[in-house]
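Trainee: Give me the fold of what follows.
(chains A, B, C and D)
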2 protein chains.
Amino acid sequence: MDDRKLEVLRAIVTDYVSSQEPVGSKALVERHDLGVSPATVRNDMAALEEEGYITQPHTSAGRIPTDKGYRLFVDRLGTVKPLSPAEQKAIHTFLSGAADLDDVLLRTVRLLAQVTQQVAIVQYPTLSHSTVRHVEVVSLSSSRMLLILITSTGRVEQRALELPDHDPETLAQLRAHLNAATVGHSSSAAAARLSVLSEELPPELSAIGQAAAATLLEMLSSEASSRMVVGGMPNLTRYGAEFETTVKPVLEALEEQVVLLKLMGEATTADAVTVRIGQENPYKELQSTSVVASGYGSQLDIFATLGVLGPTRMDYPSTMASVRAVARYVGRFLSEG
Amino acid sequence: MDDRKLEVLRAIVTDYVSSQEPVGSKALVERHDLGVSPATVRNDMAALEEEGYITQPHTSAGRIPTDKGYRLFVDRLGTVKPLSPAEQKAIHTFLSGAADLDDVLLRTVRLLAQVTQQVAIVQYPTLSHSTVRHVEVVSLSSSRMLLILITSTGRVEQRALELPDHDPETLAQLRAHLNAATVGHSSSAAAARLSVLSEELPPELSAIGQAAAATLLEMLSSEASSRMVVGGMPNLTRYGAEFETTVKPVLEALEEQVVLLKLMGEATTADAVTVRIGQENPYKELQSTSVVASGYGSQLDIFATLGVLGPTRMDYPSTMASVRAVARYVGRFLSEG
DNA sequence: GACTGGCACTCTGGCCGCACGAGTGCCAAC
DNA sequence: GTTGGCACTCGTGCGGCCAGAGTGCCAGTC
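Mentor: Numbering: from 1, shown residues only, chains lettered A, B, ... in the order given. I've put the predicted structure just below:
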């Protein structure tokens, strides 16, 4: 692949992203120092189109990048520019006042939405790499009880449980057993210990204990967190006309959180920033939008995923830089807190 | 106010709501059996316009209702039609599979969004009319602890607390005291007992106890729930062109949950359906949208508020009927569960 | 062989003008 | 109080037109 052709592609992508209009050969040489004439650029463009990196909406219009073009751009051309010290500082001050986990995530999602000018999503930390801090058992009514799981990341998960005939005394014993088995252990270790536990319980606790242990196991093993925070929805109004292609699918995805979580989860490998462009996306409704996501957490421990959702035509370098910076910062922040 | 003029207003509102286009005198007499000629209707329309109930977007166009017109419509003309048995049934089946509180509210908001075709909002039940089920104290780190409050409505509220120098023993005592003071009492009673408690604590618990009691008091007295569930956002795409007036303000409101909660809270009196039309709304950004809300709960106990947000041009009778039906059903459902 | 200037061609988008139709207000008549 | 008629006003849609931007190709130049 020719060096200059790459340069032309880069120019097309950046210009199109900022102007949102098909870009022609003449405008290109005017705005970039390519050192060649429009005619030459036209030849390159024809080649790029032949190879599927760009396309023209109609004859005698400028070119716009295809998904494949964007992909090449982010893979080979994107110089992820580090944030300015001012921005770093802004991130710091934005997060530093946070009170609890909810607050941290809320601030994070707003921050991310603001710096990227896109819709931002932050997944609640998963349990998988945290340890159990406490298990609480509460009677809700004569036939229902509530199991509450508290983890080292400060996350609280609750689940109701049908359970006939239990008295406070039994519950207290149950609570003690459950805590003894799990507290201080990672979720996988706790799960292992729990599955043994049900056999060791005194007979009067057997039935009730098995039910509780089973539920708790489920809570522990539900790897992906099922909650998330969303922010920056008003940014969608920037895509005025593109209702069907951009706004509607995104709103639907936000509604169907399951899809969104899956999407974010799939996109995450280690703590690198992952980009999914348009059709690379497994959900056909979102095929004209891109996902820029990153895991966040402490060192190699991935807590969860955060990222933004936007049109394929987005400023990838800036967005990727922002996502990476925020992910790193939040990860560090949570590990310390 | 003339009977026929009211009838004309009703006709204008219903036609405009369904067609979304200014309605003229001729079309009106064709679609409704008014028993008079277009000319007569024109006279009435002129009078209605004089009185501020309708207006014309430009000369020689049909009329559209003003906010004042809608207000008169809902006050005097809206026959809140009861839902069909089929719809009742649908509501029932939609909700009946719900597992816990979160699930109930999620299903509720989706249901409401679906039947009204608008953006739906369901507030989490407030604490004010529920009783304290349990208080849990958990150590997060050497300098932080977590207070968890569980209420009879199944709601779990948590708050972190800076608290230097505490050991498990102290915490256990603290937990016992807090529970003894609050469990089984309504939030107001519990609050009263808590404020006394801090003076009765043994000296070694005094400092820590006061901090915990204060936080707990705050949690109890935060009358309005600060959480909510939102659904039906994709319905916003139905308002294609009206970006600035409808979609953007709504998205912004959804983002600023505080505003939204306040809005819903203010709109609620007893368990009747309240309607706020356009400019009646205290928030100027939302002055071209209407809020239809209702409290929900058991009998006279209001748990919280639910409702929908939409353009002033909405089908008020249907929407009000749906909101009322869903509110009643959910209220009953929660009281039983 | 790679680049360039020139040229003919093809679209889209905006603009103008026009006619149509819907809707109104008024007035005179019933 | 109601009605039919009439003149008037505008917004909307349609057709035609032009300008501009952009392309592809080709022949010439370094």
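Trainee: Check chain A for the residue nearest DNA strand D and tell me.
Mentor: A:Gly24 (2.5 Å; Cβ to the nearest atom of the strand). Bear in mind the C-beta positions are built from the backbone N, C-alpha and C, glycine included.
Trainee: could you pull out the strands for chain A?
Mentor: Secondary structure of chain A by DSSP state E: the strands cover A:54-55, A:64-65, A:119-123, A:132-141, A:144-151, A:156-162, A:228-231, A:273-276, A:289-298, A:301-311.
Trainee: would you turn those into JSON lines with mean neighbour count?
Mentor: Shown next, in JSON lines, are these (neighbours: other Cβ atoms under 10 Å in any protein chain shown):
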{"stretch": "strand A:54-55", "mean neighbour count": "20"}
{"stretch": "strand A:64-65", "mean neighbour count": "23"}
{"stretch": "strand A:119-123", "mean neighbour count": "27"}
{"stretch": "strand A:132-141", "mean neighbour count": "21"}
{"stretch": "strand A:144-151", "mean neighbour count": "22"}
{"stretch": "strand A:156-162", "mean neighbour count": "18"}
{"stretch": "strand A:228-231", "mean neighbour count": "20"}
{"stretch": "strand A:273-276", "mean neighbour count": "22"}
{"stretch": "strand A:289-298", "mean neighbour count": "25"}
{"stretch": "strand A:301-311", "mean neighbour count": "26"}
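Trainee: Of the ones you listed, which is nearest DNA strand C?
Mentor: Here strand A:64-65 is closest among the strands of chain A (Cβ to the nearest atom of the strand), at 12.7 Å.
Trainee: Do the closest one and DNA strand C come into contact?
Mentor: No: using Cβ under 7 Å from any atom of the strand, we find that strand A:64-65 stays clear of DNA strand C, coming within 12.7 Å at best.
Trainee: Which elements pack onto that strand?
Mentor: helix A:3-19, strand A:54-55 (3 or more Cβ pairs under 8 Å, 6 or more residues apart in numbering or on different chains; DSSP states H and E).
Trainee: Tell me the residues of the stretch 51-200 of chain A that contact chain B?
Mentor: Residues of the stretch 51-200 of chain A lying close to chain B (Cβ under 8 Å from any Cβ of the partner chain) are A:99-101, A:133-134, A:136, A:138-140, A:146, A:148, A:150, A:154, A:156, A:158-160.
Trainee: any weak-confidence spans in the stretch 51-200 of chain A?
Mentor: A:78, A:99, A:127-129 (pLDDT under 70).
Trainee: closest point of it to DNA strand C, which residue?
Mentor: Of all residues in the stretch 51-200 of chain A, A:Ser60 sits closest to DNA strand C, at 3.1 Å by Cβ to the nearest atom of the strand.
Trainee: What residues of stretch A:12-19 count as buried?
Mentor: The neighbour-count check on stretch A:12-19 (16 or more other Cβ atoms under 10 Å in any protein chain shown) flags A:Ile12, A:Val13, A:Thr14, A:Asp15, A:Tyr16, A:Val17 as buried.
Trainee: For that stretch, give me every contacting residue.
Mentor: A:22-23, A:27-28, A:31, A:45, A:48, A:54, A:63-65, A:69-70, A:73, A:77, A:313-316 (Cβ atoms under 8 Å, 6 or more residues apart in numbering or on different chains).
Trainee: The same query, at a cut-off of 7 Å, please.
Mentor: A:23, A:28, A:31, A:54, A:63-65, A:69-70, A:73, A:313-315 (Cβ atoms under 7 Å, 6 or more residues apart in numbering or on different chains).
Trainee: How about it and DNA strand D, touching?
Mentor: No: counting by Cβ under 7 Å from any atom of the strand, DNA strand D has no neighbours in stretch A:12-19; the shortest distance is 9.0 Å.
Trainee: what mean pLDDT does that stretch have?
Mentor: Mean pLDDT, stretch A:12-19: 92.
Trainee: do stretch A:329-337 and chain B meet?
Mentor: No: shown here: stretch A:329-337 not in contact with chain B (Cβ under 7 Å from any Cβ of the partner chain), separated by at least 8.2 Å.
Trainee: Could you export that stretch as CSV, CA atoms only?
Mentor: Only the C-alpha atoms of stretch A:329-337 are listed here, as CSV (Å, rounded to 0.1, in the frame of the first residue of the first chain):
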residue,chain,number,x,y,z
TYR,A,329,-8.0,7.1,35.6
VAL,A,330,-11.2,5.5,36.9
GLY,A,331,-9.4,2.2,37.3
ARG,A,332,-6.7,3.7,39.4
PHE,A,333,-9.3,5.7,41.4
LEU,A,334,-11.3,2.6,42.2
SER,A,335,-8.3,0.6,43.2
GLU,A,336,-7.2,3.2,45.7
GLY,A,337,-10.7,3.9,47.1
